[in-house]
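Participant: I would like the atomic coordinates for the input below:
(one chain, ligands or ions: 1)
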Amino acid sequence: MNLVITPYDPDNLPKEEEIPLPDPRFYNAIGGDEGFKKVISIFYDRIVESDISFFFPQEEEEIEKIKRHNGKYFAEISGGPKRYSEEIGHIDQIEMHKPFSINEKHRDEWLGTWREVLQEFAKDVEPELVESYFNYLVEYSKLLINRPRNARAFEDLAKV
Ligand code: HEM
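Facilitator: Prediction:
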């Protein structure tokens, strides 16, 4: 499988409504309810050990809640049951992420963690299905960056 992280370019952002959803066969291909839960669980276990762990709670119980809650969203966009929209409703993910200052490095770490998990745990799934899921995350995550790198500021800092 070819999981490519295309770079963030603030002048060339995708339109939210034009980002193609993952192929709806992905959910069953990864093992339905059970397979999806496993992958989500491994993803968040690795996130709390990653360079962006500071965004997330560290308590076991809180992480379990996040797995259950966010898992419904990721399952739904992948062709699984519509539990997120039915139980939680429509949430504007761009607004939801605003309290977190997310920059390009955070995006790379978040996507890199997903890529590792998919390469290890979706290796028997048809590559095009895995790629369709990953591409959705790659594109959507561009819209969640709300602290673009300010190269000038970094240069100025380096001079001091
Ligand atoms: C770019 C890197 C990202 C970072 C650093 C990030 C960070 C976070 C944080 C800190 C939370 C709150 C804690 C939690 O509930 O997990 C959260 C929630 C969430 N994120 Fe992200 N996120 C990223 C990308 C994405 C992407 C690409 C998606 C979906 C396409 C997504 C979907 C969600 C959802 C569904 C929730 C839960 C919203 C709710 O409360 O219902 N995130 N994210």
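
Participant: rest of the way, CA atoms for contacts and neighbours
Facilitator: Noted.

Participant: Distance of the residue nearest the centre of the chain relative to Asn2?
Facilitator: Of all residues in the chain, the one closest to the mean position by C-alpha atoms, centre = their mean is Leu137, 5.1 Å from it. According to C-alpha to C-alpha, to the nearest Å, Leu137 stands 14 Å off from Asn2.

Participant: got a pLDDT number for Ala151?
Facilitator: With respect to pLDDT, Ala151 scores 51.

Participant: scratch that, Asp156 is what I was asking about
Facilitator: pLDDT at Asp156 comes out at 65.

Participant: Can we start the residue count at 56 from this point?
Facilitator: In the new count, where the first residue is 56, that last one comes out as Asp211.

Participant: could you point out where the chain is predicted with low confidence?
Facilitator: 205-215 (pLDDT under 70).

Participant: Up against the ligand, what does it have?
Facilitator: Where the chain comes near the ligand, counting by C-alpha under 6 Å from any ligand atom, the residues are 110-111, 121, 125, 128, 157, 161-162, 165, 192, 195-196, 199.

Participant: Reformat those residues as a markdown table; add distance to Glu171 and secondary structure.
Facilitator: Putting these into a markdown table (distance: C-alpha to C-alpha, whole Å; DSSP: H, G, I helix; E, B strand; the rest coil) gives the following:
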| residue | distance to Glu171 | secondary structure |
| --- | --- | --- |
| Phe110 | 20 | helix |
| Phe111 | 19 | coil |
| Ile121 | 20 | helix |
| Asn125 | 19 | helix |
| Tyr128 | 20 | helix |
| Ile157 | 20 | coil |
| His161 | 15 | helix |
| Arg162 | 14 | helix |
| Trp165 | 10 | helix |
| Leu192 | 14 | helix |
| Tyr195 | 18 | helix |
| Ser196 | 17 | helix |
| Leu199 | 21 | helix |
